[in-house]
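1. For reference, the sequence and a predicted model appear below.
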Amino acid sequence: MVEFHPVTDHAVLRYMERVLEIDVGAVRDLIRRETETALLAGAVGLRSDAIRYVFADGKVVTIMPSNRSGGRHG
């Protein structure tokens, strides 16, 4: 069954930016600084501390917690 989600990602982003007053540009810059070297080297991903960055076409496409302690490798 497909779930109905009437709120777009764009709307969520704008809520975070305009209502919660999160500096989305600063977050984007932080992600860029964390990943720039790996992206320029042509990597497909990066694990940094407890974070896993996934790249595609030279861009960061998703970010998730890194599973470094046993179990499935993510």
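-> Here it is on my side, so go on.

2. where do the strands sit along this structure?
-> Taking DSSP state E, the strands of the chain run over residues 45-48, 51-56, 59-65.

3. bridging residues for Ile63?
-> Tyr53 (DSSP bridges).

4. pLDDT value on it, please?
-> Looking at Ile63, its pLDDT is 97.

5. Next, count neighbours for it.
-> Counted with other C-beta atoms under 10 Å, residues neighbouring Ile63 total 14. C-beta: built from backbone N, CA, C; applies to glycine.

6. That one contacts Tyr53, correct?
-> Yes - assessed by C-beta atoms under 8 Å, Ile63 is found in contact with Tyr53 at 5.5 Å.

7. what residues do those two have in common as contacts?
-> Shared contacts of Ile63 and Tyr53 (C-beta atoms under 8 Å, 6 or more residues apart in numbering): Ile31.

8. picking that back up, now distance to Glu17 too, for the strands of the chain, in a markdown table please.
-> Converted to a markdown table, the strands of the chain look like this (distance: least, C-beta to C-beta, whole Å):
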| stretch | distance to Glu17 |
| --- | --- |
| strand 45-48 | 25 |
| strand 51-56 | 22 |
| strand 59-65 | 18 |
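
9. for this protein, what's the longest helix?
-> Assignment by DSSP state H gives helix 24-40 as the longest helix of the chain.

10. That helix versus strand 51-56: what angle between them?
-> Counting by axes from the mean of the first three to the mean of the last three C-alpha atoms, to 10 degrees, helix 24-40 lies at 70 degrees to strand 51-56.

11. elements contacting helix 24-40?
-> For helix 24-40, the packing partners by 3 or more C-beta pairs under 8 Å, 6 or more residues apart in numbering; DSSP states H and E come out as helix 9-18, strand 45-48, strand 51-56, strand 59-65.
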